[in-house]
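Asks: this is a predicted model, with the sequence first.
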Amino acid sequence: MRPASAATAFVAALAAALIAACGSSGTASPRSRASAANIESHVRFLADDLIEGREAGTRGYDLAALYAVAQFRLMGLAPGAADGSYLQEVPLLKGTRVMDGARFVYARDGKRTELKTLVDWIPGANYNAELSEVSAPLVFVGQAVHAPELGHDDLAGVELKGKIAVYFSGAPERFGNTERAVSSSRSEKARVLTERGAVGTIAISTPEEDKQFPWERSLRYVPRPGMRLVGPDGQGVDTFPELKASASLTLDWGRKLFEGAPVSFDDAVANLKKGESRSFDLPGSATIAVRTKLERITSHNVVARLPGSDPVLAAEHVVFTAHLDHLGVNQPDPAKPDADRINNGAMDNALGCAILLEVARNMAASAVVPKRSALFVLVTAEEKGLLGADYFAHFPTVPSEGIVANVNMDMPTILTELTDVIPFGVQHSSLQHVLERAAREIGFTLSADPFPEESVFVRSDQYPFVRQGIPAVYLDSGIRAKDAAVDGKKLLSGFLEDTYHSPTDDLGQPIHWPTAAKLADLNLRIGMMIANDPQRPTWNEGDWLGARFAKR
């Protein structure tokens, strides 16, 4: 933190951003409309220390939201919230794990072993009760994936009622990238386990996962509060009250649960690789007690609207999204009292927000008004589970049947000049043709997802729209550097390993602003093509996502 210079930084960042926003004409050719200077100005404000990491429900987030409102006003965009303002209220339930009183006891053959909290296990939050405890036998359920339409069901032939389900993360490797990502969702697993009578869950890791995501990294997230949406009935959404307690175990303790089981731990891991599903009861039982501090809070999505020009098509909307929130301020570390604690989120997602703002400015300033209307939505609580986008997708500020597509912008990692982008989800709908044409016109090539195991598709804000049957496109920055001597994939890997979700994702990052402007041009072109097409986007015939989620 730098409190002594906060006011100076605030004034300087605000002035630069407003001057840049007011000073651009927006009259350049379609291939060079976006201003790199505008994008940089927005990022320098949103990622400044004064904004304190923009955690949902905090003063820092509210400052960022007011800045976005000011920008939309400057552009001449209309308020887009249902109450005539730019702010859509999002009710949230905040849950903070309390270690005092958390307890995990493993019982077997008359012997009880109490695990050490944060050394052997991590308690999950319970959003239904501040104190919760469960004692039950254990059952292994593979990856807890129920996908009979894909020929896989980890839960077939096993009794879960009254038991604690033990499972590996992820989904079968033989699944396609999208099917694997959807099936990996923790909330989806909790839903199917609850339906079959489970009373608790224990997540364990494979040796490979433990290397990719070490236990020490998991501990970083423990002090951070989680959140859930509050539904119209006043209750938490997707809180699964039947699951009384949840836990994550170290690799060593995951192994111990399999001692004396019908299948060894190593064989169970090998079965994952082969895509074989075999679930069975584990020896012993567990008592899991968790404590959670629960609070009701409110945050806001920022919504602006550009009315379309066509008398008929103006009733339909293209929704542009980017998440405005980040992780806020870390708890003090007694071992490092002078360490930077602010998670500024320059790449994640100040840059995505800046690109959306630049798309909005250029669309608003265009001499050709799009036929369909456009909504620009900066959503809250993405880092808490896509909550702001989920709330908007369920309770849109325009008639839901009129939303034709979502164009999402999230964490473009632009550390050098890039020549490609990575599309997520477009292969499922007619948006693929739109993207391919727009990319050719702007001068980007398309690359496949370099890290499909990360399940990015279900971890960004287009996914709640997809779940409501709305075709969506999410473009991430690519991995091909213009300079042949630069390894773009290595740069991205380094960011994900060392900088992602840490205080070093700050304004010291060497962001390549012209590439960011080019990415804004591409998103603008995609949005204009969708808005002016006489036909609304459609799911591809026989597509798995379309069959699973399409409602219109």
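Replies: Received, thanks.

Asks: now do the same contact list for R548.
Replies: V182 (CB atoms under 8 Å, 6 or more residues apart in numbering). All C-beta atoms are positioned from the backbone trio N, CA, C, and that covers glycine.

Asks: per-domain residue ranges of the chain.
Replies: What automatic domain parsing lists as the domains of the chain is 3-90+299-334+341-412+421-478+512-549, 93-294.

Asks: out of those domains, name the one with the poorest average pLDDT.
Replies: Mean pLDDT is lowest for domain 3-90+299-334+341-412+421-478+512-549 among the domains of the chain, at a mean of 90.

Asks: tell me how far that one lies from the chain's centre.
Replies: A distance of 13 Å separates the centroid of the chain from that of domain 3-90+299-334+341-412+421-478+512-549, by CA atoms, centre = their mean, to the nearest Å.

Asks: ok, now stretch 538-552?
Replies: Per CA atoms, centre = their mean, the centroid offset for stretch 538-552 relative to its chain is 22 Å.

Asks: okay, the domains of the chain, which one's buried deepest?
Replies: domain 3-90+299-334+341-412+421-478+512-549 (a mean of 21; mean count of other CB atoms under 10 Å).

Asks: who touches the nearest residue to A190 once chain neighbours are set aside in this structure?
Replies: If the residues on either side of it in the chain are set aside, A190 comes closest to F240, at 4.8 Å by CB to CB, 6 or more residues apart in numbering. Applying CB under 8 Å, 6+ apart, we find F240 in contact with 190-191, 194.

Asks: ditto for C353
Replies: Here C353 is in contact with 42, 46, 68, 322-324, 378, 409 (CB under 8 Å, 6+ apart).

Asks: with adjacent residues omitted, what lies nearest to it?
Replies: A322 (4.7 Å).

Asks: check contacts around that neighbour.
Replies: So A322 contacts 349, 352-353, 355-356, 378-379, 408-410, 461 (CB under 8 Å, 6+ apart).

Asks: which stretches of the stretch 301-450 of the chain form helices?
Replies: Using DSSP state H, counting those that start in this stretch, the helices found in the stretch 301-450 of the chain span residues 352-365, 387-394, 431-442.

Asks: the shortest one packs against which elements?
Replies: Put plainly, it is helix 387-394. strand 87-108, strand 226-229, strand 280-306, strand 317-323, strand 373-379, helix 462-467 (3 or more CB pairs under 8 Å, 6 or more residues apart in numbering; DSSP states H and E).

Asks: quick one: it to strand 317-323, angle?
Replies: Counting by axes from the mean of the first three to the mean of the last three CA atoms, to 10 degrees, helix 387-394 lies at 170 degrees to strand 317-323.

Asks: and for the first one?
Replies: In this structure, helix 352-365 runs at an angle of 150 degrees to strand 317-323, with the same axes, to 10 degrees as the basis.

Asks: quick one: helix 352-365 to strand 280-306, angle?
Replies: Using the same axes, to 10 degrees: helix 352-365 against strand 280-306 is 30 degrees.

Asks: what's the distance between D449 and S493?
Replies: 13 Å (CB to CB, to the nearest Å).

Asks: looking at this protein, which residue ends up farthest from its center?
Replies: G110 (43.8 Å; CA atoms, centre = their mean).

Asks: can you tell me how far it is from A481?
Replies: G110 is 62 Å from A481, by CB to CB.

Asks: go on, R191?
Replies: 42 Å.

Asks: contacting residues around the residue nearest to R291 when sequence neighbours are not counted?
Replies: In space, and not counting its chain neighbours, R291 is closest to V98: 3.9 Å by CB to CB, 6+ apart. Residues near V98 by CB under 8 Å, 6+ apart: 291-293.

Asks: ok, back up a step: closest one to V269 among the helices and strands packed on helix 387-394?
Replies: strand 280-306 (14.7 Å; CB to CB).
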